[in-house]
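Asks: I'll drop the sequence and a predicted model, then ask my questions.
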Amino acid sequence: TTSLLSIIRTSNNNGACFLTIGKTRNGAILQNNDVIGVLNFHGDDGTDLATPAAQIRVAVDGTPGGNDMPGRLEFLTTADGASSSTERLRITSDGRVLIGTATASGYTSRILTVAAADDDASIEIRTATDHAGQISFSDGSAGDATNYRGYIQYNHDGDYMRFGTSSTEYVRIASNGKVGINM
């Protein structure tokens, strides 16, 4: 009634366990978009176990060469009423995160793309009613408040949106729609 695979390393050091999935073209170099490995998740749908619920897939993301294997990580889920999985999220070899699309368009420096095929695309920042949600723009290392260059913040307590640069607020939109500039 239970299926389990355990990989345990008992050495007294910082070494980890490895599970390696490899792919070759019968001894030849892989090509762009070749799938290297897939983790499939299947459940009994009343007919069989053939229909996937989700997949995690790794594929070549560029041109491989000697000791050079560009790869991407893809996350797929199967929609209600569907019998095959669709890619929902991709992390590319150059560190881009693509949600709802398999291609980054526009600026080459864009690291996050959110797209929706048949609806509006959005990013939701959800916080408790006595907290604020914020998008920050900074230079330097993550979490270093001295490097903040700008921000957009919604404050639940006061029900207002504010915009600023560095640590100074310059524009505020109040819950009644009034806009304050440099107040």
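Replies: Everything's here; your move.

Asks: Output the below-cut-off pLDDT ranges for this protein.
Replies: Applying pLDDT under 70 to the chain picks out residues 105-109, 117, 140-147.

Asks: Do a quick rundown of the strands in it.
Replies: Secondary structure of the chain, counting by DSSP state E: strands at 35-42, 52-60, 71-77, 86-91, 97-99, 112-114, 132-138, 148-155, 160-165, 168-173, 179-181.

Asks: name the helices or strands packed onto the fourth one?
Replies: Under the contact criterion of 3 or more Cβ pairs under 8 Å, 6 or more residues apart in numbering; DSSP states H and E, strand 86-91 touches strand 71-77, strand 97-99. Using the backbone N, CA and C atoms, a C-beta is placed for each residue, glycine as well.

Asks: And for the third one?
Replies: Using 3+ Cβ pairs under 8 Å, 6+ apart as the contact definition, the elements that strand 71-77 packs against are strand 52-60, strand 86-91.

Asks: Same question for the second one.
Replies: Contact analysis of strand 52-60 by 3+ Cβ pairs under 8 Å, 6+ apart lists strand 35-42, strand 71-77 as its packing neighbours.

Asks: show me the contacts for the spatially most central residue of the chain.
Replies: With the centre of the chain defined as its mean C-alpha position, the nearest residue by Cα atoms, centre = their mean is V97, 4.8 Å away. By Cβ atoms under 8 Å, 6 or more residues apart in numbering, the contact set of V97 is 89-91, 111-113.
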